[in-house]
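Q: what follows is a protein structure lacking sequence information:
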Ligand code: FES
Ligand SMILES: [Fe+2]
C-alpha cells in the first residue's frame, strides 16, 4: 500500500465495501516512536538506564546487541566487568563481536587494537622498535563506550552524556520479599517498542486473546487455562490514573469474583518505558491486601521496528503462594516466559525442544512470522506477540478508533509526548535525575488486593460501587506515597480495612 503524508487519509469511509477509500496509510508518529540518536525521544530515552541484554548472553565470545538503533558489542571481560562499546572498531570499522575478550576490555581481531571498558585504547600493536609510536597513537584514539553493569541477570547500560548520568532506580528498595527470588527474561518483539509498551494498560484484551482459542481445541498454555486464575476470566472495570505528577499511570482493574469479594488489581507504567505488574495467578479465594510486584518490565527499543520486553519475574512463596512461578521457572529466560504462550517469536513446544537440549542456549530468533514453522499454531491461538507485531512495524495511531478502554494507552502516550516536548517540568530528564537523587527507592503503585466487600443489589449500583472502591484504593495509595517499607504497608492495611467497612 502507498504511504501518504496527508493525515486525513486512511480512515475507512462509513460505507459498505468502502475499503478503496482507506487504502492509503498515513505516517506513524515519529515523536513518540523513533529513538535513533538525535531524535527527540531518542535523546530523552538515552538519559535513563536500560537493560540491553541478559547476563547469560555474555559468554566466551562478545555479544552483538542493538539498542535505540545503535549497533553495540557487549562482553564480560576476564576481570568480570561488563563492557559495552560501539560495534564498529574506531580503526577501520570491523565489528568487535569478532574480537578477543581480554583481562581488561576487548581486542579487535582485525589489527589487534585493545580497548578498555571506558573506550580508552590502551594498546596499538606497532612494529618492533616503534613501540613508542604505538603507545602515543593508542593514547590519541577512543572507541565509543557506554557505562554498564549487571544486576539480577540483566545487563544495564547508560547511553546518555556522562555528566547527566542518573542514579539507577531501586524501586521500593528491592521489590522482593525475603525468600522470594528474581528471575530475568528477555523476549524479542518484531515491532516498534511503543505498541509493546501500550499493551499492559489495555486489559480488555485478556478475554478475547488469552482465554479462547481462535480454533477450538487449540487452546494454548495460559495463566488462565492452566494456572486456573479464574478471576481473569471476568471482564474488568478499568479506571486510569495519572500518578506521581505525570511520571506514570496506574490503572485499576476491578472484578467482582464472588458475592463477598472483589478483586482490585493495580498495575502501573512509569516513563519512559517501564511497567509493573501485580500477581498474575490470582484465584481470588482469600482476602489479600497489597500484594506486591510480580513482574517488572522494560520495553527497550532495539531499532525503530524491533524491541524487547526485558525485565524480572519475581517467584517464591510471598508473591506467589500457589508456587506456580517456581514450578515454571525453567520457562523464564531468553526468548521464553512462564505465564503465557505467544509472548515470543517461537511457540512454546519448539522453544521447549531447545531448552531441553541446552537450558542456557541462545537459539536463533525466528524472523518473518508468516514463514516460521509454527505459524499455523500461532494462528490457532495467538498471543500478545502476534497481535503486537502485526499492528504494523510501527503502529499508525492516526488510523486507530479508540474506545473508553483504550484510555490508559492514550494517557501514557500523552505523558510521553509531554515529557519529550518539555511540557511537564516534572518529567524532564534532569527532573527525573533529581527525583532519584533525592530517593532512588521510589514507591510503585502496583498491587493486588482481594477485598471483603459484598456486591450491590443491582448491576448499575455494583458498577458504581466498584468504581468508587477502586478510586479509594488509589487515593490511599497516593497518600501512602511519602511513606516506605513496613510503615507504608501498615498505613495501607489500615486504610483498606476502612474501605472494606465503608462499602460493606
Ligand atoms: S579495524 Fe579494529 S583494529 Fe583495525
Ligand atoms: Fe496480554
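A: Looks like it came in fine. No experiment lies behind these values; they were computed from the predicted model shown. Ligands and ions are numbered 1, 2, ... in the order given.

Q: what about the chain, any weak spots by pLDDT?
A: Within the chain, the ranges that satisfy pLDDT under 70 run 1-10, 220-228.

Q: quick check: domain ranges of it?
A: 49-164, 171-360+367-502 (automatic domain parsing).

Q: how far does the last one stretch from start to finish?
A: Using CA to CA, to the nearest Å, one end of domain 171-360+367-502 lies 31 Å from the other.

Q: quick one: what helix or strand has residue 53 in it?
A: Counting by DSSP states H and E, the element that carries residue 53 is strand 49-54.

Q: adjacent strands (with direction) for that strand?
A: strand 154-158 (antiparallel) (DSSP bridges).

Q: I'd like the next helix or strand past the strand it pairs with.
A: Taking DSSP H and E as the definition, the helix or strand that follows strand 154-158 towards the C-terminus is strand 181-189.

Q: the inter-axis angle of that following strand versus strand 49-54?
A: In this structure, strand 181-189 runs at an angle of 80 degrees to strand 49-54, with axes from the mean of the first three to the mean of the last three CA atoms, to 10 degrees as the basis.

Q: from the chain's centre, how far out does strand 181-189 sit?
A: Relative to its parent chain, strand 181-189 has a centroid offset of 9 Å by CA atoms, centre = their mean, to the nearest Å.

Q: can you tell me which helices and strands that strand packs against?
A: Helices and strands touching strand 181-189, as assessed by 3 or more CB pairs under 8 Å, 6 or more residues apart in numbering; DSSP states H and E, comprise strand 49-54, strand 306-315, helix 384-389. C-beta: built from backbone N, CA, C; applies to glycine.

Q: does anything pack onto the second one? Which helices or strands?
A: Based on contacts counted as 3+ CB pairs under 8 Å, 6+ apart, the elements that strand 306-315 packs against are strand 49-54, strand 154-158, strand 181-189, helix 193-198, strand 293-303, helix 324-327.

Q: out of these, which is the most enclosed?
A: When you average the neighbours per residue for each of the helices and strands packed on strand 306-315 (mean count of other CB atoms under 10 Å), helix 193-198 leads with a mean of 26.

Q: so which elements touch that one?
A: Other helices and strands packing on helix 193-198, by 3+ CB pairs under 8 Å, 6+ apart, are strand 293-303, strand 306-315, helix 407-421.

Q: buried residues of the longest one, list them for me.
A: Applying a neighbour-count criterion of 16 or more other CB atoms under 10 Å, the buried positions in helix 407-421 are 407-420.

Q: list the contacts of whatever helix or strand comes next after it.
A: With elements assigned by DSSP H and E, the helix or strand that comes after helix 407-421 is helix 429-438. By CB atoms under 8 Å, 6 or more residues apart in numbering, the list of residues contacting helix 429-438 from outside reads 44, 47-48, 160, 164, 166-167, 169, 247, 271, 425-426, 442.

Q: just stretch 55-62 next, same as before
A: Contact with stretch 55-62 is made by 63, 65, 73-76, 82, 96-99, 101, 106, 150, 153-155, 184, 186, 333-334, 360, 362, as judged by CB under 8 Å, 6+ apart.

Q: make a PyMOL selection of whichever of these turn out to be buried.
A: Here is the PyMOL command that picks out the buried ones among the contacts of stretch 55-62, judged by 16+ other CB under 10 Å:
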select buried, resi 63+65+73+74+75+76+82+96+97+99+101+106+150+153+154+155+184+186+333+334+362
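
Q: which neighbours does the helix or strand just after the strand holding residue 53 have in its sheet, and in what orientation?
A: The C-terminal neighbour of strand 49-54 among helices and strands, as given by DSSP H and E, is strand 63-67. Each strand that strand 63-67 pairs with, and the sense of that pairing, follows from DSSP bridges: strand 70-76 (antiparallel).

Q: quick one: which of the domains of the chain is nearest ligand 1?
A: Ligand 1 lies closest, by CB to the nearest ligand atom, to one member of the domains of the chain: domain 49-164, at 3.1 Å.

Q: whether that closest one contacts ligand 1 - can you check?
A: Yes. Domain 49-164 comes into contact with ligand 1 when judged by CB under 6 Å from any ligand atom, the residues involved being 89, 91-94, 108, 110-111, 113.

Q: and that domain, end to end?
A: 11 Å.

Q: chain center to it, what's the gap?
A: 26 Å.

Q: ditto for stretch 306-313
A: 5 Å.

Q: okay, buried residues for it please.
A: Here stretch 306-313 shows 306-313 as buried, counting by 16+ other CB under 10 Å.

Q: which of those residues come close to ligand 1?
A: When those are filtered against ligand 1 using CB under 6 Å from any ligand atom, no residues are retained.

Q: quick one: which two of the residues you listed are the most distant?
A: Greatest spatial distance in the buried residues of stretch 306-313: 306 and 313, 22.1 Å, computed using CB to CB.

Q: in this structure residue 108 contacts residue 97, no?
A: No. Using CB atoms under 8 Å, residue 108 and residue 97 do not qualify as a contacting pair, with a distance of 10.2 Å.

Q: contacts for the helix or strand harbouring residue 463, please.
A: Assigning secondary structure by DSSP H and E places residue 463 in helix 459-479. Contact partners of helix 459-479, identified using CB under 8 Å, 6+ apart, comprise 237, 239, 241, 243, 250, 252, 254, 256, 262, 264, 266, 445, 447, 449, 451, 453, 455-456, 491-492, 495-496, 499, 502-503.

Q: list just the nearest of the buried residues of helix 407-421 to residue 122.
A: Each of the buried residues of helix 407-421 was checked against residue 122 using CB to CB; the closest is residue 420, at 38.3 Å.

Q: residues contacting that closest one?
A: 31-32, 40-41, 44.

Q: show me the contacts for the residue nearest to residue 395 when sequence neighbours are not counted.
A: If the residues on either side of it in the chain are set aside, residue 395 comes closest to residue 195, at 4.4 Å by CB to CB, 6 or more residues apart in numbering. The neighbours of residue 195, taking CB under 8 Å, 6+ apart as the test, are 388, 391, 394-395.

Q: neighbour-wise, which of the residues you listed leads?
A: residue 388 (22 neighbours; other CB atoms under 10 Å).

Q: show me what counts as buried in the particular helix or strand that has residue 378 in it.
A: Under the assignment given by DSSP H and E, the secondary-structure element containing residue 378 is helix 375-380. When neighbours are counted by 16+ other CB under 10 Å, the buried residues of helix 375-380 are found to be 377-378, 380.

Q: now the residue most central in space within the chain: how far from residue 337?
A: Centrality entry for the chain: nearest residue to the mean C-alpha point is residue 298, 2.8 Å, by CA atoms, centre = their mean. Between residue 298 and residue 337 the computed distance is 14 Å (CB to CB, to the nearest Å).

Q: that's a strand at residue 104, yeah?
A: No. Following the definition DSSP: H, G, I helix; E, B strand; the rest coil, residue 104 is coil and is not counted among the residues of a strand.

Q: just give the closest residue to it, not the sequence neighbours.
A: If the residues on either side of it in the chain are set aside, residue 104 comes closest to residue 116, at 5.6 Å by CB to CB, 6+ apart.

Q: that neighbour against residue 103, yeah?
A: No. Counting by CB under 8 Å, residue 116 stays clear of residue 103, with 10.5 Å between them.

Q: of those two, who's got more company?
A: Residue environment comparison for residue 116 versus residue 103 gives the larger neighbour count to residue 116, 20 against 9, counting by other CB under 10 Å.

Q: residues contacting that one?
A: So, once contact is read as CB under 8 Å, 6+ apart, residue 116 ends up touching 83, 104-105, 122.

Q: any of those buried? List them.
A: Using 16+ other CB under 10 Å as the burial test, these include 83, 104-105 as buried.
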